[in-house]
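**Student:** Give the three-dimensional model of this entry:
(chains A and B)
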There are 2 protein chains.
Amino acid sequence: MLQYTLDNFIVIPHPPLTTFATAILEASGVPQPIAALVAESLVSANLRGVDSHGVQLLIWYSGQIRAGNVAVAEAGKVVSENGACLVYDGHNGMGQWISNICCDHAIRIARDSGIGMVVARNSTHFGACAWWAQKMAGAGFIGIAMCNATALVAPWQGREKMLGTNPICLAVPGPQTFLLDMATTTVALNKIYKAVLSGEKTIPAGWAMDEHGNPTTDPQAALAGLPMPLGGYKGTGLAVMVEILCAVLSGGAMLTDVGGIRFTGKEMRASHMFLAIDVTRFMPMDEFVARMEWLRDTLKSAGPAAGFEEVLVAGDPEWRAEQIRRRDGIPVARGIWEELGKLAQSLNVTVPPIQ
Amino acid sequence: MLQYTLDNFIVIPHPPLTTFATAILEASGVPQPIAALVAESLVSANLRGVDSHGVQLLIWYSGQIRAGNVAVAEAGKVVSENGACLVYDGHNGMGQWISNICCDHAIRIARDSGIGMVVARNSTHFGACAWWAQKMAGAGFIGIAMCNATALVAPWQGREKMLGTNPICLAVPGPQTFLLDMATTTVALNKIYKAVLSGEKTIPAGWAMDEHGNPTTDPQAALAGLPMPLGGYKGTGLAVMVEILCAVLSGGAMLTDVGGIRFTGKEMRASHMFLAIDVTRFMPMDEFVARMEWLRDTLKSAGPAAGFEEVLVAGDPEWRAEQIRRRDGIPVARGIWEELGKLAQSLNVTVPPIQ
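**Tutor:** Here you go, the predicted model:
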């Protein structure tokens, strides 16, 4: 992984970065409240250290907008609501705006029925999955979010790209005890890119196959090939589970019919699933919080395995990153900052001063 | 893996095996309808080729019953029902009997509200997770089942056993298109046992750690050590997700407080989660089935990776095994058959004739 040095990174506090991202989106034609929401969700990923889902996405988002692939002002609409189940059509609007509306529906239904399940079709990129599960958790619910995505991964035993990285996310209400947000591949594609960029000679076995479907530890062959599903057939099983709960149930695009932020001339047609569960239908909230804290503390009390200093629970690395980045600012790779600068210039947006 | 030969396996059709299993349970004091259900669920696992969750479990179940760890006639009761959410207390009854009642509640609630979520505490071993998700699918719902289990797995970066193999299962209604039933470890503990028994010198990297928390490829060291979570931190994240949805929400035993079928003098106190989703609240059933068939067929149309002949979708291996075993009978390892014979003799149960 690249070291943060002033040579290859700039550092910027999150408020001006959010303002800058909002301005880029508004100058691209995105209405103000939508631009502000998208910017806030992207910068939130940067704050959490998940830079793959941070402001660098603006480069692709703006490409999508320029190509006419996204209906920037579209809010979509409810297709059907039946008991605890709601189907939403995103009408190709900005994924974050569609997802925000869908989460509000899931929360409303869960408040009424104990559980609310919303599936959305014809949406676009919604940023980091964690943002949405956390939105539901912030309202007092267990939030589960999933989405299907651009076909980049072969099903287990196959060599054709058919499945997305199809993430699964679960967030709980209350203090920071557990936040799962994981792709169903062994590693994010981004890690293979990083290995290539930093000149590493090998990557671990199990990360990727070459273009012929042979397992490889060569970073270049991996990049030209396919990322591997998490743990083989289990990762594919989880990815297909996500495809069923998001795309089969929503009536949306499945497998290779899904576009992507790096394609132009094709609508993304992503599907999402948002499940809100009202904890207080099971037990009082303070009891739930106490049980979550016991669970986290007990897990973290385990003696560390060889080569590690402590047990980390899902969410720990990101909360630690957030504490540091809220205080010290967000490091952005200089290459990405230059791309954002060019984009800003083309849109007559002022680039904020940096440290 | 052991080859099926007449030397080391017997073969028995599933109807007399079910009758035999029922008789063993009844002679152990389990009331007839409960014994019949448990036997049917175990033999169903054998039929599907999942022998780890088949009749061999009778050896441990009967040990649990003899030790007074299970309340064999107990049906448990509803603790609370609130909207789409129900909490059940199994009162230490047979896990299958408790789970059957809980699935019926999930189905009833989903029929009423679109979604039904039932969490059970103080239950015992419920056999293969797939049986329960399939029960909900058989009633026309997407069924999701999970349970926590005996602490056998260290959390990622740790070396103390704290989490169970915590399985996740999803079944869909309609024809056989997809059935996921997976532990959240890289492999089932059973595979490490098999490697030892068949004299293999090494196991693949990523399967296990030794007792000090060092990754190992030595089968003996693995057996004395710990199975690894699926894909490292992601497997632990999924296992904790299961722990939250089953045990935190039900108010049941968590982590090392859970007993197990190989412990005596300690109640198991397993927790389960059953989620039923009414597909017809989203789209007509025939449309859902057509979409599932397209999804399966498209995945299976992918060219195979090097070393494979075809792409298999979750459920394929088990459905194939079931076709063969329904026709040709169920192979049972001779060692297990002898143990079952001794158990039968001690209970005055007649052992059925075998081929």
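
**Student:** Domain ranges for chain A, per the record?
**Tutor:** A:4-66+A:315-346, A:78-185+A:229-285 (automatic domain parsing).

**Student:** In CSV: those, plus mean pLDDT.
**Tutor:** CSV is the format used below for the domains of chain A (pLDDT from 0 to 100):
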stretch, mean pLDDT
domain A:4-66+A:315-346, 94
domain A:78-185+A:229-285, 96
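
**Student:** Mind checking what secondary structure the nearest residue to A:I101 once chain neighbours are set aside has?
**Tutor:** Leaving out its chain neighbours, the residue that sits closest to A:I101 by CB to CB, 6 or more residues apart in numbering or on different chains is A:A75, at 6.4 Å. Where you see a C-beta, it was placed from the backbone N, CA and C, and this is true even at glycine. Secondary structure state of A:A75, per DSSP: H, G, I helix; E, B strand; the rest coil, is coil.

**Student:** Tell me who's in contact with A:A75.
**Tutor:** A:H91, A:G93, A:W97, A:I98, A:I101 (CB atoms under 8 Å, 6 or more residues apart in numbering or on different chains).

**Student:** now A:N46
**Tutor:** With CB under 8 Å, 6+ apart, A:N46 has these contacts: A:H14, A:L17, A:G54, A:V55, A:R325, A:I330, A:V332.

**Student:** what about it, distance to A:N69?
**Tutor:** Separation of A:N46 from A:N69 (CB to CB, to the nearest Å): 24 Å.

**Student:** In the stretch 201-350 of chain A, what residue spans correspond to strands?
**Tutor:** A:208-209, A:215-216, A:226-227, A:270-278, A:330-333 (DSSP state E, counting those that start in this stretch).

**Student:** right, and the ones you listed - which one's nearest B:L226?
**Tutor:** strand A:215-216 (25.0 Å; CB to CB).

**Student:** Could you list every helix and strand in contact with that closest one?
**Tutor:** Packing contacts for strand A:215-216, counted by 3 or more CB pairs under 8 Å, 6 or more residues apart in numbering or on different chains; DSSP states H and E, involve strand A:208-209.

**Student:** Which strands border the strand it packs on, and is each parallel or antiparallel?
**Tutor:** strand A:215-216 (antiparallel), strand A:226-227 (antiparallel) (DSSP bridges).

**Student:** looking at the ones you listed, which is buried most?
**Tutor:** strand A:226-227 (a mean of 25; mean count of other CB atoms under 10 Å in any protein chain shown).

**Student:** Including mean pLDDT, could the strands paired with strand A:208-209 go into CSV?
**Tutor:** Shown next, in CSV, are those (pLDDT from 0 to 100):
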stretch, mean pLDDT
strand A:215-216, 86
strand A:226-227, 85
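
**Student:** Of these, which is nearest B:Y233?
**Tutor:** That would be strand A:226-227 among the strands paired with strand A:208-209, by CB to CB, at 16.7 Å.

**Student:** Quick check: A:E243 vs chain B, distance?
**Tutor:** A:E243 sits 7 Å away from chain B, going by CB to the nearest CB, to the nearest Å.

**Student:** re the thing from before, could you identify which of the strands of the stretch 201-350 of chain A is most buried?
**Tutor:** Highest mean neighbour count among the strands of the stretch 201-350 of chain A (mean count of other CB under 10 Å): strand A:270-278, a mean of 28.

**Student:** Output the contacting helices and strands for the helix or strand where A:S62 lies.
**Tutor:** Using DSSP states H and E, A:S62 sits in helix A:57-66. On a contact count with 3+ CB pairs under 8 Å, 6+ apart, helix A:57-66 meets helix A:14-27, helix A:32-47, helix A:334-346.

**Student:** where's the spatially most central residue of chain A relative to chain B, distance?
**Tutor:** The residue lying closest to the centre of chain A (CA atoms, centre = their mean) is A:A128, at 2.1 Å. From A:A128 across to chain B, the span is 15 Å (CB to the nearest CB).

**Student:** And A:G335, by the same measure?
**Tutor:** 28 Å.

**Student:** Could you do A:A35 as well?
**Tutor:** Counting by CB to the nearest CB - A:A35 and chain B are separated by 32 Å.

**Student:** do the same with A:A23
**Tutor:** 36 Å.

**Student:** Likewise for A:P284?
**Tutor:** 11 Å.

**Student:** Check the burial of that residue by counting its neighbours.
**Tutor:** 10 (other CB atoms under 10 Å in any protein chain shown).

**Student:** one step back: quick check: the two most widely separated of the contacts of A:N46?
**Tutor:** Counting by CB to CB, the most remote pair of the contacts of A:N46 is A:V55 and A:R325, 12.6 Å apart.

**Student:** Which one of those two is surrounded by more residues?
**Tutor:** Between A:V55 and A:R325, A:V55 has the larger neighbour count (other CB under 10 Å), namely 24 against 19.

**Student:** check contacts around that one.
**Tutor:** Applying CB under 8 Å, 6+ apart, the residues contacting A:V55 are A:L17, A:F20, A:A21, A:A39, A:L42, A:V43, A:N46, A:V332, A:I336, A:L340.

**Student:** repeat that with 7 Å
**Tutor:** Residues in contact with A:V55 (CB atoms under 7 Å, 6 or more residues apart in numbering or on different chains) are A:L17, A:A21, A:L42, A:V43, A:N46, A:V332, A:L340.

**Student:** Dump those residues to a markdown table, plus distance to B:C85.
**Tutor:** Shown next, in a markdown table, are the contacts of A:V55 (distance: CB to CB, whole Å):
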| residue | distance to B:C85 |
| --- | --- |
| A:L17 | 41 |
| A:A21 | 39 |
| A:L42 | 34 |
| A:V43 | 35 |
| A:N46 | 36 |
| A:V332 | 44 |
| A:L340 | 46 |
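
**Student:** In contact with A:V87: list those residues for me.
**Tutor:** Contacts of A:V87 (CB under 7 Å, 6+ apart): A:V79, A:S80, A:V119, A:S250, B:F282.

**Student:** Of the residues you listed, just the buried ones, PyMOL syntax please.
**Tutor:** The PyMOL command for the buried members of the contacts of A:V87 (criterion: 16 or more other CB atoms under 10 Å in any protein chain shown) is given here:
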select buried, (chain A and resi 79+119+250) or (chain B and resi 282)
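
**Student:** So the closest residue to A:G90 other than its chain neighbours versus A:I98, what's the distance?
**Tutor:** Closest residue in space to A:G90, ignoring its immediate chain neighbours: A:S123 at 3.4 Å, by CB to CB, 6+ apart. Per CB to CB, A:S123 is found 5 Å from A:I98.

**Student:** go on, A:S41?
**Tutor:** Relative to A:I98, and taking CB to CB, A:S41 is found at 12 Å.

**Student:** for A:H125, same thing?
**Tutor:** Taking CB to CB, one finds A:H125 at 10 Å from A:I98.

**Student:** buried ones in the longest helix along chain A?
**Tutor:** With secondary structure taken from DSSP state H, chain A has its longest helix at helix A:95-113. Neighbour counts over helix A:95-113 (16+ other CB under 10 Å) mark A:95-111, A:113 as buried.

**Student:** Against which helices or strands is it packed?
**Tutor:** The contact analysis (3 or more CB pairs under 7 Å, 6 or more residues apart in numbering or on different chains; DSSP states H and E) places helix A:95-113 against helix A:32-47, strand A:85-89, strand A:115-123, helix A:129-138, strand A:270-278.

**Student:** and for it, what are the contacting residues?
**Tutor:** A:34, A:37-38, A:41, A:75-76, A:84, A:86, A:88, A:90, A:116-118, A:120, A:123-127, A:132, A:135-136, A:139, A:141, A:270, A:272, A:274-278, B:83-84, B:113.

**Student:** what about burial for the residues you listed, which qualify?
**Tutor:** Buried subset of the contacts of helix A:95-113 (neighbour count, 16+ other CB under 10 Å): A:34, A:37-38, A:41, A:76, A:84, A:86, A:88, A:90, A:116-118, A:120, A:123-127, A:132, A:135-136, A:139, A:141, A:270, A:272, A:274-278, B:83-84, B:113.
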